[in-house]
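Trainee: Sequence and predicted structure are below.
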Amino acid sequence: MTALIRAKRFFLRSIRGSMTARRLRGGFFLVGLIVSITLILGCEKSPILIGFSMNFSGPGGSMAVYVRDGALLAVDEINRSGGIHGHHLKLLVRNDMGTAKGIEKADLDLIEKGVVAIIGHRNARDTLLAYPIVTGKGVLLVGPACASSRLTGKDDLFVRTTFYDDILGKKIVGYFKRLNTQRVLCVVDRSNDMFSLDLYEKLKTYSPGVFSPFFINSDTDQSYPLKGEEIPQLNPEAILFITNPSVTAFMAQSIRRAGCRVAFYGTTWAQTEDLYLFGGGAVGGMKLFTFVRPNNPYPPFQRFVKKLKEMGMAPNVRNALGYEAVKVIGEGLIKAKSLTSLALKEAMTNARFEGVIDSLSLDEYGDPHRILWLVGLTADGRMETLEEVK
């Protein structure tokens, strides 16, 4: 404002006096005005750039859209409240195409633009491909959807907000142990080995003899639903799907048609509207191990839902993940000693955050600690919270 006042006074002085004086001083006036405008504009701090890199292509592209929209909503909220120490946030979005080459291109472009962090990627496989590229360049990678234990307990430039396989596996094992279930068949989709196979191996390690695998690959074998007809012969007591929503739905229909009536379970990976949309009655009664509960009474989540509804958008797991990732980054930036990736990582680790889905703690390695819930899918497609999984 001081620069603006100086510019105004200079302008008023310049227009007083004779035409001759004005002509003589015209060049000085122009220079002074340019300098004043530059000072005024310089009072606005440069934006803090955050990258967003996910696969928007193909059948799974809707997930990236949901996560991005949640992230954009959080950016808008933070900016409306004044930003971070006077800096506005700016989200730079890239389509990584879900390929190694696309991930490298998208992330390197974001790094070149000067982002302080990259939110990505769509799943554990893509995140592990991006990990050496992003962290190797000294940029923080924030994973909203990577549960792989391969990144657990590392002092690096990676933090995440999702549940991860080490803890998820222990809690699932404990749940079935309390039920005294002896034979759990795991349908493992190897199109995302870094999550599905990783989680299965944790289950097998924590409880040898109880969990057995049934491998499919939805990427390389489009006839995979037909394999569901083989499952009744294996005589499981329960089936745990480590698969995405559509694959879970198609496999469930095939298994039910084959006459198998055992209890179905899934993970957060399957927790979208597509599960019931594609699965119908076959997935009615299914239970999901997830950290996102429906009808969540947590006040920050209720505020989030209200804002989405006001914008005509339906809240779901995916947009909640994007929204929360930006909110946690924002809280970290406020505490950070400088606006750098390393300072942000230091501010985000060994810290507790309000979160959006529930309160969230990140340990010294940036691994999250949060509540796991058992959520049930009703016969008419509604999701309801059943219990906390201890």
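Mentor: Here it is on my side, so go on.

Trainee: So which residues of the stretch 201-350 of the chain form helices?
Mentor: Taking DSSP state H, counting those that start in this stretch, the helices of the stretch 201-350 of the chain run over residues 245-257, 273-279, 299-310, 317-335, 341-348.

Trainee: what residue lies at the spatial centre of this structure?
Mentor: By CA atoms, centre = their mean, the chain has its centre lying nearest to residue 144, at 2.7 Å.

Trainee: Tell me who's in contact with that residue.
Mentor: Contacts here follow CB atoms under 8 Å, 6 or more residues apart in numbering; on that basis residue 144 touches 67, 119, 160-162, 321-322, 324-325. Any C-beta I mention is one placed from the backbone N, CA and C, and that applies to glycine too.

Trainee: Phi first, then psi, for residue 379.
Mentor: Dihedral pair for residue 379: phi -60, psi -30, per degrees, to the nearest 10.

Trainee: Count the residues that sit near it.
Mentor: 11 (other CB atoms under 10 Å).

Trainee: do the same with the one 5 residues further on
Mentor: Burial of residue 384 is recorded as 11 neighbouring residues (other CB under 10 Å).

Trainee: so it bridges to which residues?
Mentor: With DSSP bridges as the criterion, residue 384 is bridged to residue 376.

Trainee: pLDDT below threshold where in the protein?
Mentor: Where the chain drops to pLDDT under 70, the residues are 1-43, 59.

Trainee: can you do 50?
Mentor: Across the chain, the ranges flagged by pLDDT under 50 are 1-43.

Trainee: domains for it, by residue range?
Mentor: Domain ranges of the chain: 2-42, 48-163+296-371, 166-290, per automatic domain parsing.

Trainee: Identify whichever of those lies nearest to residue 379.
Mentor: domain 166-290 (4.0 Å; CB to CB).

Trainee: Between its first and last residues, how far does that closest one reach?
Mentor: 14 Å (CA to CA, to the nearest Å).

Trainee: ditto for stretch 83-100
Mentor: 34 Å.

Trainee: Ok, stretch 290-304 next?
Mentor: Using CA to CA, first and last residues of stretch 290-304 are 19 Å apart.

Trainee: Buried ones in it, by neighbour count?
Mentor: Across stretch 290-304, burial judged by 16 or more other CB atoms under 10 Å covers 290-294, 296, 300-301, 304.

Trainee: May I ask which two of the residues you listed are separated the most?
Mentor: Using CB to CB, those span at most 17.8 Å, a distance reached by 290 and 300.

Trainee: wouldn't residue 182 be in contact with residue 235 here?
Mentor: No - Residue 182 is beyond contact range of residue 235, at 10.9 Å (criterion: CB atoms under 8 Å).

Trainee: Which one's more surrounded, these two?
Mentor: Counted by other CB under 10 Å, residue 182 and residue 235 do not tie: residue 182 has more neighbours, with 13 against 10.
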